[in-house]
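*Asks:* sequence plus the predicted model coming up.
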Amino acid sequence: MKIPFVLLPGLLWFCGLLPLSAVDLDGNGMCDVWQARHHAGALVAADDADGDGCNNGDEAKAGTNPFDPASRFQAVIARPGTDVRLTVATQPGKRYRLAHGPTPDGPWTPLGEAQLCLASELELTGPLVNERRFYRVEASDADSDDDGVSDWAELQLGVYNRENPNTFAMQGGDLAAVQEWLAALSGGQLSATVLTGAAAEKEDSPAEISYARSGSADRPFILFLSTRGPDNSSRSAASPGEWTFTDANDAPLTYRLIIPAGSAAAELRIHPVADAL
């Protein structure tokens, strides 16, 4: 896959995505954990849900959000002194490598080993040459413990140790645990009960939803959170920033709620944020 490149005098670059190496039980070419993380189970790999020029399959490989055009595999290029420097927007748990070649189609010569990134940004450098040169940033999956679940997926799930193939010391290891979790999600083993249907700013009263699982409670159960507008378009809806998520202990949540091992349910609270005076 090629992402549109940026031109500086004598320099061209673009991003390349190497073959997916992730849990893909449905065989659609997209990581199942990525689909759950972004509620993207209905997407087709060849389509481009957010119109950002990267199709859904490529967003799955890059680990980016297919519904947010600002979330994409991209870099900023500069050439200070005798180096070419690319600052890459990265996904923790992915590997990145810089390569160069004489044409947009290669052949590509890697500049060093692929680097595992655990942050949201990475700087890659290469030599500045006299002739026009094409540069490519390659992204690929990492699996530090060789358990069949990528580092990116384990970091997204939040309860797995990416350096331990059997985080919970149970039969089948982490791969079996993730497969079991995916089967529970797709098999309807999660239910929601509204405990408090309305939230009020003045009283600082949150809305409350209880999520319960059926089946085994031997391992934690991860629920990725997502929001959308009202089904009735004539009704107004709160915008991001006008509410926050917490658990039952009012610990802040961002994009996931975890039902702990040994527990059958967990509570999500939605707090309205008071308007600024």
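*Replies:* Done, it's in.

*Asks:* output the below-cut-off pLDDT ranges for the stretch 101-250 of the chain.
*Replies:* 229-240 (pLDDT under 70).

*Asks:* residue closest to the middle of the protein?
*Replies:* Closest to where the C-alpha atoms of the chain average out (CA atoms, centre = their mean) is Gly63, at 4.5 Å.

*Asks:* contact partners for Tyr96?
*Replies:* 88, 90, 114-115, 117, 122, 124, 137-140 (CB atoms under 8 Å, 6 or more residues apart in numbering). To be clear about C-beta, it is placed using only N, CA and C from the backbone, and glycine gets the same treatment.

*Asks:* before we move on, what about Ser191?
*Replies:* 211-214.

*Asks:* among these, name the ones in strands.
*Replies:* 211-213 (DSSP state E).

*Asks:* which residues in the stretch 1-150 of the chain form strands?
*Replies:* According to DSSP state E, counting those that start in this stretch, the stretch 1-150 of the chain carries its strands in the segments 6-8, 11-17, 75-78, 83-89, 94-101, 109-110, 115-116, 121-127, 133-141.

*Asks:* quick one: closest of these to Phe168.
*Replies:* strand 133-141 (22.1 Å; CB to CB).

*Asks:* can you list the strands that the closest one pairs with?
*Replies:* Each strand paired with strand 133-141, and its direction, by DSSP bridges: strand 11-17 (parallel), strand 94-101 (antiparallel).

*Asks:* among the strands of the stretch 1-150 of the chain, which is nearest Gln156?
*Replies:* strand 94-101 (11.3 Å).

*Asks:* what residues does Leu268 make contact with?
*Replies:* Going by CB under 8 Å, 6+ apart, Leu268 touches 208-211, 225, 245-247, 253, 257.

*Asks:* who's it bridged to?
*Replies:* Those that pair with Leu268 in a beta bridge, by DSSP bridges, are Ile209.

*Asks:* try Ile258
*Replies:* On the basis of DSSP bridges, Ile258 is bridged to Ile222.

*Asks:* tally of neighbours for it?
*Replies:* Neighbour count for Ile258, taken as other CB atoms under 10 Å: 16.

*Asks:* go ahead and confirm it touches Phe221.
*Replies:* Yes: with contact defined as CB atoms under 8 Å, Ile258 and Phe221 form a contacting pair (7.1 Å).

*Asks:* could you point out the longest helix of this protein?
*Replies:* helix 173-186 (DSSP state H).

*Asks:* who's in contact with that one?
*Replies:* The contact list for helix 173-186 (CB under 8 Å, 6+ apart) reads 23, 25, 32-33, 36, 145, 147-149, 153-154, 157, 160, 164-168, 170, 190, 213, 215-216, 219, 221-222.

*Asks:* can you tell me the closest non-neighbouring residue to Ala153?
*Replies:* Distances taken as CB to CB, 6 or more residues apart in numbering place Val33 nearest to Ala153, at 3.9 Å, with adjacent residues excluded.

*Asks:* show me what contacts Pro272?
*Replies:* With contact set as CB under 8 Å, 6+ apart, Pro272 has these partners: 199-201, 206, 238, 242-243.

*Asks:* and the pLDDT for it?
*Replies:* We have a pLDDT of 90 for Pro272.

*Asks:* now Ser21
*Replies:* 67.

*Asks:* re earlier: in the longest helix of the chain, what's buried?
*Replies:* 173-174, 176-182, 184-185 (16 or more other CB atoms under 10 Å).

*Asks:* need those residues in CSV (columns: distance to Ile77).
*Replies:* Putting the buried residues of helix 173-186 into CSV (distance: CB to CB, whole Å) gives the following:
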residue, distance to Ile77
Gly173, 41
Asp174, 37
Ala176, 43
Ala177, 41
Val178, 37
Gln179, 40
Glu180, 44
Trp181, 40
Leu182, 38
Ala184, 44
Leu185, 40
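
*Asks:* ok, now which ones touch Glu201?
*Replies:* Per CB under 8 Å, 6+ apart, neighbours of Glu201: 272-275.
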